[in-house]
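Visitor: got a sequence here, can you build the structure:
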Amino acid sequence: MTHIEWRTYEAGHCMHPQCGTRRGGMWKMARFPALAFLLRHPAHGAMLFDTGYSRHFFDATRHLPERLYRTVTPPRLDETESLRDQLARDGIDVRHLATVMLSHLHGDHIGGLHDFPHSTILCSREAWNDLQARGRLGALRRGLLPALLPTDFPQRVRWIEELPRIALAGSFAAFGTGYDLWSDGSVLAIPLPGHAAGHYGLLFHTPDDGQVFLIADAAWSSRALLDGVPPPSVVTSWLGDTPAYLATLARLQKLRQSEPDLRIVPSHCEEHSPR
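Guide: Sure thing, here's the model as predicted:
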């Protein structure tokens, strides 16, 4: 079995009322980290899962109507906090990052994509088609900022749905099909529908022989997985598909119960922030 080394980074964070991410939550402002992940495959090298914020996000939301994005969910990013800067401090050259996988196309997940011009991009065709079908305001309404995608995106992208398929078994059977990134079963992209079009998580084994499941925004926190409390339906319907979101959350909650040693990592959970 191939084991994957991994590390979590926080590339900025946003502030938002707790009740926007948890049904029945309080109106007080809460901090939500924008987590990105570095994975190392022994044969295929380093890859990223999402990129968090960067200065490119602030450039893309400088003017109306896109400025509404950072008004609704005010982001914070220190001058040297972008993922590229943090990787450089760790001695990692962006030219050596073979792949950047995008869990979905919301701006807080692809805000730093321009900083990785040498990487192949893994993305869902469903997500791309959904973006292409929307006008400027329609995209913004769904949390999408087309300016964050590089102009050579079509030349660099590999579609997740065209990767080798694996029928999931055991506790993961409810998730249907996994997509094998390296054709060796070591890293699987798993569909987690509901939050956004073409929303995917990533499953892999670690050197300590445990498993990690990066679930992006399929749940806002580990607490949500524990008690099954979703965001208000007005939020899930605004961004995606409420029935699909609730079904995915229920599957993840059941998975957590049946696999207590599995590390399930949401992308905006303070509990998993390295800070």
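
Visitor: from here on, just use CA atoms for contacts and neighbour counts.
Guide: Will do.

Visitor: mind listing what's buried in the longest helix along the chain?
Guide: The single longest helix within the chain, with elements called by DSSP state H, is helix 242-258. Residues of helix 242-258 classed as buried: 242, 244-246, 248-256 (neighbour count, 16 or more other Cα atoms under 10 Å).

Visitor: partner strands of the helix or strand following it, with direction?
Guide: Going down the chain from helix 242-258, the next helix or strand is strand 263-266, by DSSP states H and E. With DSSP bridges as the test, strand 263-266 is paired with strand 211-216 (parallel).

Visitor: and the partner strand, how far from the chain's centre?
Guide: 10 Å (Cα atoms, centre = their mean, to the nearest Å).

Visitor: give me the contacts around the longest helix of the chain.
Guide: Contact with helix 242-258 is made by 171-172, 174-175, 192-195, 218-219, 225-228, 230, 233, 236, 262, 264, as judged by Cα atoms under 8 Å, 6 or more residues apart in numbering.

Visitor: and if you look at stretch 3-16?
Guide: By Cα under 8 Å, 6+ apart, stretch 3-16 touches 29-42, 51-54, 72-78, 81-83, 86, 186, 204-207, 209, 272-275.

Visitor: among the residues you listed, which ones are buried?
Guide: By 16+ other Cα under 10 Å, the contacts of stretch 3-16 give 30-41, 51-54, 75-77, 81-83, 186, 204-206, 272-273 as buried.

Visitor: related to what we said a few turns ago, from the buried residues of helix 242-258, which is closest to Gly111?
Guide: Tyr245 (23.3 Å; Cα to Cα).

Visitor: next, work out how far apart that closest one and Pro33 are.
Guide: 21 Å (Cα to Cα, to the nearest Å).

Visitor: cool, and Tyr53?
Guide: Counting by Cα to Cα, the gap from Tyr53 to Pro33 is 10 Å.

Visitor: what do you get for Leu246?
Guide: 23 Å.

Visitor: ranges for the helices of this structure?
Guide: According to DSSP H, the helices that the chain contains are 55-60, 67-72, 83-89, 107-110, 125-132, 136-141, 153-156, 222-227, 233-239, 242-258.

Visitor: ok, Leu163 - contacts?
Guide: With Cα under 8 Å, 6+ apart, Leu163 has these contacts: Tyr179, Asp180, Leu181.
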